[in-house]
Structures are given as C-alpha cells and as structure tokens.
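[1] Got a predicted structure plus its sequence, pasted below:
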Amino acid sequence: MTFATQGFHHLTTVSADAARTVRFYRDILGLGLVKRTVNFDDPSAYHLYFGDDAGRPGTLVTYFEWRDAPRGTPGIGGIHHLALGVHDVPVLLQWKRWLTDHGVRVTGPRDRGYFTSLYFTDPDGQILELATAGPGYDLDEPADRLGQAEVAPPAERLPGSDAYRAMDERTHPDPVPALTPEMAIDGIHHITGISRDLDVADRFYRETLGLAMVKRTVNQDDGVTPHHFWARVDGGRVVPGSALTLFGWPPTGKPARGGAGQTHHIAFRARDEEEQLAWREHLLGLGLKVTAVMDRTYFRSIYFRAPDGLLLEIATDGPGFLVDEPAGALGERLMLPAWLEDERGQIERALVPL
C-alpha cells in the first residue's frame with residue numbers, strides 16, 4: 001500500500017485548569033466539548049476533547065489537565081503554534097472584534113500570502129492562530145512544482161514595511177454580539193513546530209507519513225528563519241487539515257520544555273484498524289520504536305517519535321465519540337472506559353468539578 005496519511009486526527013496540549021480551558025475553547029472559540037473523560041494513562045487527570053458537533057477527526061483539539069502545572073516553553077522538538085481554520089478575511093475581522101471585546105489580546109490580521117491570520121494565546125499560553133482557507137500554496141509557485149524552490153516573501157509582507165504595520169489596524173467596525181454560523185471554526189488548518197534540521201525532518205515526514213514538501217520559505221515575522229511546509233497532496237491538490245510546518249532553529253537552540261500551554265503530541269489519521277496495523281509495520285520497517293496498539297475507546301492509537309523528539313500518534317478514525325453518548329449529549333458528563341468504571345467514585349472525588 002502507499003503510506004500517506006489523510007491528515008491530522010487531533011492535537012493534544014496541556015492545561016493547568018480544565019474549567020478555565022472549557023470556558024475559553026467552548027464559550028469564546030465556540031468549539032464543542034465533545035468528550036469529558038480522563039487521561040487513560042493517568043486517571044487522576046481530565047482529558048477534554050473539543051471539536052465540531054460530532055468530533056470528527058481533523059477538528060479535534062484535546063487537553064490533559066495537569067493541575068497547576070508550570071508553563072512550558074516552546075523549543076526544538078515542540079510546537080510553536082496551532083492554527084485553526086476559518087473561511088475568509090471578513091470572517092477573520094469579525095473574530096478579531098469578538099476576541100478583543102472578550103479581553104483576548106490579538107495580533108493581526110497578517111497577510112501570509114497563502115492565507116491571512118490572527119494570533120493570540122489561550123489562558124495557558126499556547127499560541128493560537130486563526131487562518132483563512134486561501135488563497136493557497138500555489139500563489140507563488142505552479143501547483144505541480146510546489147516546494148521545489150526557495151520562495152522569498154515580498155517586502156510588503158515582512159517587518160519594517162508600511163503595509164506590514166498597517167495590517168494590524170484592520171478590524172470589524174461593529175461589535176459582534178454572538179458567534180454566527182459563518183464564524184464557525186472548521187478544524188485544524190496547520191500545526192507549526194520547531195526543528196534543528198529541516199533536511200532530516202523532510203526525509204522523516206516523507207518516509208513515515210507520506211507528506212510532500214509544499215513550501216520552502218522564511219518566517220514572515222523575521223524574514224530570516226527558515227520555514228518549510230509539508231502536507232498531503234492528492235491529485236495535485238493540497239488536502240486541507242494536513243499541513244505540518246516547521247521553523248528551522250540552529251542546533252544550539254533550546255529544546256522544548258513540557259508544561260501548561262505546550263503540546264503533548266500530534267495525532268495523524270488512519271482510516272481503520274487494518275490500515276493502522278499496516279502503518280505500524282511500515283514504521284517498524286523504517287527502524288522506529290513504535291508502541292503496541294492502545295485502545296482509547298473512541299479510537300485506537302500507536303505512538304512514535306520524530307527525530308527532534310516530538311511525540312507522534314497515528315489514530316484510527318473510529319469508532320468515534322458516539323459509542324458511549326448520544327449525539328445531542330456529547331460532553332455533558334464524565335465518561336470512563338469500562339476498565340475504570342469500578343473506580344468512578346474515587347476518580348470523581350479527585351477531579352475538580354467543571
């Protein structure tokens with residue numbers, strides 16, 4: 001078989017306060033709380049899943065609560081920011097006004113060429129981005145030759161230009177009284193991490209996950225740091241929800257330090273258990289250390305690490321979040337796997353109520 005993931009399944013980050021995380025992601029960002037459960041490897045801690053109404057793969061952002069954990073710091077082998085997708089620039093400006101009016105400090109919108117973005121942080125310090133669907137990666141390269149050349153962004157998209165400074169001034173002229181259907185976040189747009197060697201990363205992501213290089217450029221906030229993009233390309237089209245990007249830091253750069261506001265792992269998709277087992281054999285054949293298949297109730301998981309140390313997962317699309325709750329009641333109560341039900345009383349007493 002050809003090994004090429006469909007894209008992201010979910011991203012898991014660390015929270016120091018689960019109730020605060022729910023208020024931010026559900027009440028301010030409008031994501032559905034599709035499952036409240038516990039970390040199956042540490043049942044004393046919440047594991048919260050946010051996504052679209054059905055919790056479809058590619059829309060999921062999940063949080064382990066490490067109660068009162070100190071903040072982590074980004075670095076090599078970690079994630080710099082998570083980008084979530086929105087439709088277009090007018091919607092992005094509504095988001096800017098909504099977030100600002102809710103006390104969230106926002107930077108942008110910034111024209112990145114391939115999309116336009118807003119930046120802010122969640123209460124734990126995780127950098128978040130809202131990015132538009134287009135114009136797309138073929139803006140400055142032919143679609144059939146993406147990623148083959150180094151592309152320098154034009155001067156107006158780099159710091160120091162009048163156009164760059166003017167970007168931050170735009171916003172929606174009127175208050176936004178409530179989130180509208182048009183403002184709905186449609187899932188993970190891209191994830192940006194940090195690597196000490198982009199050539200090694202290129203070989204790794206091509207071989208392990210079948211991702212193709214689709215852009216070689218620089219960080220548009222400094223005009224210097226290498227910034228490379230990989231994604232699934234299908235029929236000459238970059239598949240939404242599959243773009244992983246890396247900043248290339250010097251080998252002497254500090255490694256990421258885990259903690260609140262830092263990503264724990266990134267999960268990519270396998271259609272089903274049969275495909276996942278094939279993925280596992282593929283990864284083992286490349287000489288990687290891969291875990292046994294783990295039952296996460298809502299999907300099955302295997303784990304391995306990228307060369308920089310980033311923890312990666314391949315998760316099955318199913319069985320999904322409806323296996324233990326009806327569609328209209330997702331996330332309303334604490335759900336436990338069968339092997340933890342006998343400990344429910346003890347577990348619930350240890351958790352701070354949401």
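    Sure, I can see it.

[2] Need the contact partners of the helix or strand of the chain with the lowest mean pLDDT.
    Least confident element among the helices and strands of the chain, by mean pLDDT, DSSP states H and E: helix 162-167 (a mean of 88). For helix 162-167, contacts defined as CB atoms under 8 Å, 6 or more residues apart in numbering pick out 108-111, 156-158. The C-beta positions use only the backbone N, C-alpha and C, and glycine is treated the same way.

[3] would TSV of these with distance to residue 24 be doable?
    Output for the contacts of helix 162-167, formatted as TSV (distance: CB to CB, whole Å):
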residue	distance to residue 24
108	19
109	21
110	22
111	27
156	33
157	30
158	31
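
[4] Tally up the residues packed near residue 313, please.
    22 (other CB atoms under 10 Å).

[5] which SS class is it?
    strand (DSSP: H, G, I helix; E, B strand; the rest coil).

[6] surely it meets residue 305?
    No. Between residue 313 and residue 305 there is no contact under CB atoms under 8 Å: 10.4 Å.

[7] Show me the shaky parts of the protein.
    1 (pLDDT under 70).

[8] Which strand runs longest in it?
    When the chain is parsed with DSSP state E, its longest strand is strand 42-51.

[9] number of nearby residues for the closest residue to residue 231 other than its chain neighbours?
    Spatial nearest neighbour of residue 231, chain neighbours left out: residue 243 (4.2 Å); criterion: CB to CB, 6 or more residues apart in numbering. Residues lying near residue 243 (other CB under 10 Å) number 26.

[10] same check, this time on residue 250
    Around residue 250 there are 8 residues (other CB under 10 Å).

[11] Hmm, it is touching residue 196, no?
    Yes. Proximity of residue 250 to residue 196 meets the contact threshold set by CB under 8 Å, at 7.2 Å.

[12] Name the nearest residue to residue 44, sequence neighbours excluded.
    That would be residue 350: by CB to CB, 6+ apart, it lies 5.1 Å from residue 44.

[13] Now do the phi/psi pair for that neighbour.
    phi -80, psi -20 (degrees, to the nearest 10).

[14] One more: residue 349?
    phi -70, psi -30.

[15] Name the residues that touch the next helix or strand along the chain from the least confident helix or strand of the chain?
    Using DSSP states H and E, the helix or strand that follows helix 162-167 towards the C-terminus is strand 188-195. Residues from elsewhere that reach strand 188-195 (CB under 8 Å, 6+ apart): 7-8, 11, 58-61, 74-85, 115, 129-131, 201, 229, 240-241, 243-249, 253, 256, 266, 307-308, 310.

[16] Same check on stretch 240-249?
    5-8, 58, 75-76, 80, 85, 133, 187-198, 201, 205, 211, 214-215, 219, 225-232, 266.

[17] So which of those residues are in helices?
    198, 201, 205 (DSSP state H).

[18] Let me know whether the first one touches residue 228 as I believe.
    This means residue 198. Yes. If you go by CB under 8 Å, residue 198 and residue 228 touch, sitting 5.2 Å apart.

[19] Neighbour count: those two, which is higher?
    residue 228 (23 against 17).

[20] residue contacts, that one?
    For residue 228, the contacting residues are 147, 198, 201-202, 213, 215-217, 245-246, 248, by CB under 8 Å, 6+ apart.

[21] Any idea what it is bridged to?
    residue 216, residue 246 (DSSP bridges).

[22] Compute the distance between it and residue 197, please.
    Separation of residue 228 from residue 197 (CB to CB, to the nearest Å) stands at 11 Å.

[23] Restricted to buried residues, select the contacts of strand 188-195 in ChimeraX.
    Typed into ChimeraX, the line below selects the buried ones among the contacts of strand 188-195, using 16 or more other CB atoms under 10 Å:
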select :7,8,11,58,59,60,61,74,75,76,77,78,79,80,81,82,83,84,85,115,129,130,131,201,229,240,241,243,244,245,246,247,248,249,256,266,308,310
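
[24] Which of the contacts of strand 188-195 fall in strands?
    Using DSSP E, the contacts of strand 188-195 in strands are 8, 11, 60-61, 79-85, 129-131, 229, 243-248, 266.

[25] Now a ChimeraX select for only the buried ones of the contacts of helix 162-167.
    Remark: buried members of the contacts of helix 162-167, expressed as a ChimeraX selection using 16+ other CB under 10 Å:
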select :108,109,110,111,157,158
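
[26] any idea which of the contacts of helix 162-167 is closest to residue 334?
    residue 108 (37.1 Å; CB to CB).
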